[in-house]
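Engineer: Generate coordinates for the sequence data below:
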Amino acid sequence: MAQRRHHWLTLAAALALLGSAAAPALARGYVPQGRCGPHERVQIDTVPAGHCVALVADETQGLAAPRRILEVTPGRFWVIDMGANWVPKRGRLLELTLPPGAARAKVSTLAEGLDRPLGLAKGPDGQIWMGEVHQVWRTPLPPPGQPIRREVMLPNLPTSGAHPLKEIAFGPGDALYVNMGSVTDSCRNDAQQQPVPCPELGGTQPRAAVYRAQLDPAQGWKVTRFEPFATGLRNSVALTVLPSGAVLQGENSIDYPDAAQPPEKLNRLQAGRHYGWPYCVGKGMAARGYEKRYDCAQATPPAQTWPAHAAPLHLLQGTAGSPFAGQLLVAWHGHRPAGQRVMRVPIRADGTPTGPPRPVLEGWAARQGVRPVGHPTGLAIDHDGRLWVVEDIHRAVLLVRPIQAP
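Structural biologist: Residues are numbered from 1 along each chain as shown. As a prediction, the model looks like this:
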């Protein structure tokens, strides 16, 4: 993700230098195309049949770089906003509500000064858990208008390198899974060498891994064990666990300058397995610089490959009763022709894909006087089965809703 990270660093530097003067240049860019229920309609070429896309919040409500959204109670949403991508301690936790019949959502700030936050999930304890680069904490859900109460559950997490963001996902057996992304793109050292074995995979706290925390409800959900679960995973910001216990990961592969290589991956993670980074890409192909230096037959193959540079940034299982039941939703954030889409993959209960990815939202390229290019980063399905999408670069919260309310 080196090229993608360079883009974010450039954007962050511009924001830091220009401050509020940069805001007009990064305006949302959506021009309303009629109505979607009571809301402004966003024109995206491919949407689910019988649905439209509504713009419910943007920078006019204070959004800066939204990355995640979660319905914490019916009609009440929490949003992770990084503030300025990759700039430390600019993140916020926001609350969003959309009153019936209102054109726009109401947005308020619950916490500020967060350090590059990403992970957001409701835990088995009923509290809301959140991942910053250096820690994971939780808070009870306060009454509307009341402050949150943070309790750090996992402190002192590593913050160095290109992939420090901490995605989190809960699984059966009181387990919490945490992304621990790689320090580099392809394990190159300062001399541009690619050693075997890669030192990032060694030591007591290896990187390029997904970790498993064991929680103990008898001790107030204290973490009693925290150790690597699966390794060889460059950046697991797309991570989810199915009710069956299947752990799914969308791999952001090594950045080649080629438009069509290497493919991104959907992995079904199993304890103790290695999934190839930095030695292998795709289905057992040697990564550049590692030809004849590592046997890729040792790496666990992916469940499915996805187009190069699609940049999967979020995975979400479709809920029962929604139009997305039995499907895995994925936000493809990357550049054309692969990214700028929300996709769905049919899956079995054990996480095995049963078909190729199909578009939910597609045809999101920039069109003058209509829309900016889409870069979805986070997804949620609400209690009515509607899909919510956050898009960071253009500071938007979108709602995919039936054209006529049921």
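Engineer: For stretch 303-312, measure first residue to last.
Structural biologist: 15 Å (Cα to Cα, to the nearest Å).
Engineer: chain center to that stretch: distance?
Structural biologist: 14 Å (Cα atoms, centre = their mean, to the nearest Å).
Engineer: With stretch 83-98 instead?
Structural biologist: Offset of stretch 83-98 from its chain centre (Cα atoms, centre = their mean): 14 Å.
Engineer: Stretch 148-161 now?
Structural biologist: Offset of stretch 148-161 from its chain centre (Cα atoms, centre = their mean): 18 Å.
Engineer: pLDDT of it, averaged?
Structural biologist: The average of the pLDDT scores along stretch 148-161 is 97.
Engineer: again, but for stretch 40-50
Structural biologist: Rounded mean pLDDT across stretch 40-50 is 97.
Engineer: Okay, strands next: where are they in the stretch 1-150 of the chain?
Structural biologist: All strands of the stretch 1-150 of the chain, identified by DSSP state E, counting those that start in this stretch, fall at 35-36, 39-42, 51-57, 66-73, 76-81, 91-97, 106-114, 119-122, 128-132, 135-139.
Engineer: Please apply the same query to the stretch 251-400 of the chain.
Structural biologist: Under DSSP E, counting those that start in this stretch, the stretch 251-400 of the chain gives strands at 264-269, 280-281, 285-286, 304-306, 312-317, 327-332, 341-346, 358-361, 376-381, 387-391, 396-402.
Engineer: These: which one's closest to Pro199?
Structural biologist: strand 280-281 (17.5 Å; Cβ to Cβ). C-beta coordinates here come from the backbone N, C-alpha and C atoms, glycine included.
Engineer: how far does that closest one sit from the chain's center?
Structural biologist: Centroid displacement of strand 280-281 relative to its chain, using Cα atoms, centre = their mean, is 22 Å.
Engineer: Kindly report the same for stretch 86-103.
Structural biologist: 16 Å.
Engineer: Compute the first-to-last residue distance for stretch 91-107.
Structural biologist: Termini of stretch 91-107 sit 15 Å apart (Cα to Cα).
Engineer: repeat for stretch 235-250
Structural biologist: In stretch 235-250, first residue to last residue: 8 Å (Cα to Cα).
Engineer: Please report how far the residue located most distally from the centre of the chain lies from Ser253.
Structural biologist: Here the chain reaches farthest from its C-alpha mean at Lys292, the gap being 33.8 Å by Cα atoms, centre = their mean. From Lys292 over to Ser253 the distance is 20 Å, taken as Cβ to Cβ, to the nearest Å.
Engineer: picking that back up, would you agree the residue farthest from the centre of the chain is in contact with Ala286?
Structural biologist: Yes - here Lys292 lies in contact with Ala286, judged by Cβ atoms under 8 Å, at a distance of 7.3 Å.
Engineer: that older thread, turn the strands of the stretch 1-150 of the chain into CSV, columns for mean neighbour count and distance to Ala303.
Structural biologist: As requested, the strands of the stretch 1-150 of the chain are exported to CSV (neighbours: other Cβ atoms under 10 Å; distance: least, Cβ to Cβ, whole Å):
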stretch, mean neighbour count, distance to Ala303
strand 35-36, 18, 35
strand 39-42, 21, 32
strand 51-57, 23, 28
strand 66-73, 21, 24
strand 76-81, 23, 27
strand 91-97, 21, 32
strand 106-114, 15, 33
strand 119-122, 21, 22
strand 128-132, 24, 24
strand 135-139, 20, 27
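Engineer: I would like the residues contacting stretch 398-406, please.
Structural biologist: With contact meaning Cβ atoms under 8 Å, 6 or more residues apart in numbering, stretch 398-406 is reached by 36-37, 39, 42, 47-48, 50-56, 98, 360-361, 386-391.
Engineer: hmm, 7 Å instead?
Structural biologist: Contact with stretch 398-406 is made by 36-37, 39, 42, 47-48, 50-56, 386-389, 391, as judged by Cβ atoms under 7 Å, 6 or more residues apart in numbering.
Engineer: and what of stretch 298-312?
Structural biologist: Around stretch 298-312, the neighbours that count as contacts under Cβ under 7 Å, 6+ apart are 4, 232, 238, 250, 252, 258-268, 273-276, 280, 282-284, 330-335, 338-339, 345, 352-353, 357.
Engineer: quick one: buried residues of stretch 360-377?
Structural biologist: Of all the residues in stretch 360-377, those buried under the rule 16 or more other Cβ atoms under 10 Å are Val360, Leu361, Glu362, Trp364, Arg371, Pro372, Val373, Gly374, His375, Pro376, Thr377.
Engineer: filter the contacts of stretch 298-312 to the buried ones?
Structural biologist: Buried subset of the contacts of stretch 298-312 (neighbour count, 16+ other Cβ under 10 Å): 4, 232, 238, 250, 252, 262-268, 273-276, 280, 282, 330-335, 338-339, 345, 353, 357.
Engineer: From Gln127, how far out is the residue lying closest to Gly369 once chain neighbours are set aside?
Structural biologist: Among residues not flanking Gly369 along the chain, Val31 sits closest, at 5.5 Å (Cβ to Cβ, 6 or more residues apart in numbering). For Val31, the distance to Gln127 (Cβ to Cβ) stands at 41 Å.
Engineer: Neighbour count: these two, which is higher?
Structural biologist: Higher neighbour count among Val31 and Gln127: Gln127, with 20 against 14, using other Cβ atoms under 10 Å.
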